[in-house]
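Enquirer: Sequence first, then the predicted structure:
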Amino acid sequence: MNQKNLTPEVKGSTSLKLEDCEDLEFLADTTKEHMPTTGMFTNYLVNLVMKRMKGLKMLCNSQPPKGFLQNLETLQVEKCKDIVSLYPAAQNLKKLTVKDCKNLQEVFQINELLYREENQAMLLSNLVSLKLKSVTMLRWLLKGATQYVSLQNLKVVKIEKCNKLEYLFSLSLVQSLRLLKELDISHCDKLETIFELGNDDDQTESNKLLASAQSHDLPRLQKLQLCGLTNLSSFCPSNCFINAPALQYFAVLDCPRLTSFCIQRDNPLQSKLQGGYNFTSRVEVVQLDGLIWLHIWKAPIQVVLSNLRRLEVCNCNNLTSIFSVMLVRNLPQLSILAIRWCEKLEQIIVDDDEDETNINNDKETLIFPRLQLLWLEDLPSLTSFSPLGYHLLFPDLKKLGVTDCSQMITSFNVEALPVHAETEAPRLDDTCPSKPDIRWISNDYDAAADDEYDDNDGGDDEEYDDNDGDGGGGSGDDDE
């Protein structure tokens with residue numbers, strides 16, 4: 001193909017797939033005389049796929065014609081290395097997938113003048129799925145006047161390896177994210193925050209008021225995963241909270257600068273993260289890795305993590321404990337507990353009032369009623385599982401691994417079911433109070449945890465899987 005634009009020759013189809021067209025620089029050339037303003041790109045096209053378009057720079061090389069791509073619902077762009085600007089924000093687009101477009105700098109450009117001329121409804125109001133991977137020069141998801149944008153149908157956001165991106169959305173857009181179910185961000189080297197205040201020049205007075213509010217809602221958010229974000233320091237501005245009452249899966253992995261996290265549930269039953277921030281008590285899965293937090297949560301009396309089923313904590317070297325006694329009393333569903341490679345961890349469970357010694361012979365039994373897998377690995381400072389004198393009972397425990405915890409004085413009785421454990425002060429003549437490794441299990445942890453999770457959950461976590469494939473449809477797009 002030797003021509004630089006496509007518009008004059010293509011008409012009539014609702015789907016178009018372009019591959020390996022090296023000479024095509026743009027789909028529509030509006031600089032030429034007698035450029036048609038109607039045709040395939042204004043009236044017909046619904047699905048557009050472009051792959052390995054080596055010379056493609058943009059979809060339209062100047063002001064797009066009226067109604068350009070107005071009916072487009074699905075756009076997939078892969079390995080178009082020269083494209084720098086993707087798409088004028090549209091009303092009807094539902095799914096966008098972009099992969100391996102290394103020079104793309106902006107996803108959506110909001111043209112205020114064009115918007116006013118065409119008197120459109122809110123832009124991007126039908127967008128359901130946004131997936132970006134290896135767009136290494138990307139600086140903006142939305143560039144321009146965001147007051148004309150509504151993300152009211154957006155359900156799935158997955159962004160990976162977008163190394164120039166510093167934030168995702170302005171805080172004024174949070175109010176429109178009423179249907180967002182999954183937010184998965186990974187390996188974006190320069191990302192500093194998820195929601196930021198935005199440019200005052202691009203906001204109306206009402207948007208500025210919304211952005212200044214202290215509490216914002218993500219009422220349908222079920223999965224939140226942040227992974228490998230080495231520059232991330234906050235989730236939103238420090239004076240704001242994000243309410244996420246439906247949150248079920250929460251993972252923060254290898255985010256070493258993250259010191260404040262502003263997720264909460266507007267409910268008396270809430271748990272606190274480091275810095276006094278909160279997340280919903282409906283959480284079922286929590287995975288933390290490579291964090292500098294001093295505490296996971298400091299539980300007030302009324303905290304109930306009644307739905308927590310799986311807790312994994314790895315490489316969190318400032319933690320000294322995991323639970324309080326009060327919090328352990330309210331873990332009825334916990335089935336997997338794994339703590340690994342935390343250098344300063346001294347106890348798994350601590351007394352609620354750390355200022356009181358409170359050691360006596362009347363300590364109660366702490367029961368983990370549904371815990372089936374317990375794994376403690378390479379915890380050099382761990383001295384005990386619980387405070388002195390507590391009796392621990394694991395009536396449903398099936399798999400136990402205690403490895404390289406040489407200072408721990410808690411004894412596990414695994415000779416008969418149910419499994420018991422107790423922490424007792426070492427005798428004065430005990431020169432080596434530490435216990436040998438316990439391997440009441442033949443697998444390594446990852447294999448054991450996967451087996452246990454599969455057995456217990458029966459595929460419940462399928463709602464978090466990405467079944468979209470290359471086409472960008474599927475997961476998160478089910479009917480409400």
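Expert: All right, it came through fine.
Enquirer: Three-state assignment for Gln147, please.
Expert: The three-state assignment at Gln147 reads helix, by DSSP: H, G, I helix; E, B strand; the rest coil.
Enquirer: The one 4 residues further on too?
Expert: Three-state call for Leu151 (three-state DSSP): coil.
Enquirer: I'd say it and Val128 touch.
Expert: No. With contact defined as CB atoms under 8 Å, Leu151 does not reach Val128; the gap is 9.8 Å. For glycine as for every other residue, the C-beta is placed from the backbone atoms N, C-alpha and C.
Enquirer: Show me which of the two is the more surrounded one.
Expert: Leu151 (26 against 20; other CB atoms under 10 Å).
Enquirer: so what's that one up against?
Expert: Residues in contact with Leu151 (CB atoms under 8 Å, 6 or more residues apart in numbering) are Leu124, Ser125, Leu127, Phe169, Leu173, Ser176, Leu177, Leu180.
Enquirer: do the same with Leu371
Expert: Counting by CB under 8 Å, 6+ apart, Leu371 has contacts Leu334, Ser335, Ile336, Leu337, Phe394, Asp396, Leu397.
Enquirer: Try it again at 10 Å.
Expert: By CB atoms under 10 Å, 6 or more residues apart in numbering, the contact list for Leu371 reads 331, 333-337, 392-400, 419.
Enquirer: and the gap between it and Ser129?
Expert: 37 Å (CB to CB, to the nearest Å).
Enquirer: pLDDT below threshold where in the stretch 351-480 of the chain?
Expert: Applying pLDDT under 70 to the stretch 351-480 of the chain picks out residues 353-363, 426-443, 447, 451-480.
Enquirer: try it again with 80
Expert: 352-363, 416, 424-480 (pLDDT under 80).
Enquirer: so Cys236 touches Ile242, yeah?
Expert: Yes. Cys236 lies in contact with Ile242 (CB atoms under 10 Å); the separation is 5.8 Å.
Enquirer: Now stretch 290-310: average pLDDT?
Expert: Summarised as a single mean, pLDDT over stretch 290-310 is 74.
Enquirer: quick one on the thing from earlier: what touches both of Leu151 and Val128?
Expert: Joint contacts of Leu151 and Val128 (CB under 10 Å, 6+ apart) are Leu179.
Enquirer: Now a ChimeraX select for only the buried ones of the contacts of Leu371.
Expert: Listed next is the ChimeraX selection for buried residues among these, using 16 or more other CB atoms under 10 Å:
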select :331,334,335,336,337,392,393,394,397,398,399,400,419
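Enquirer: Quickly name whichever of the contacts of Leu371 is closest to Asn103.
Expert: Nearest to Asn103 among the contacts of Leu371, counting by CB to CB, is Ile336 at 43.3 Å.
Enquirer: And the helices in the stretch 251-400 of the chain?
Expert: Taking DSSP state H, counting those that start in this stretch, the helices of the stretch 251-400 of the chain run over residues 325-328.
Enquirer: now the strands for it?
Expert: 263-264, 270-273, 277-280, 285-289, 310-314, 323-324, 336-340, 349-350, 365-367, 373-377, 391-394, 399-403 (DSSP state E, counting those that start in this stretch).
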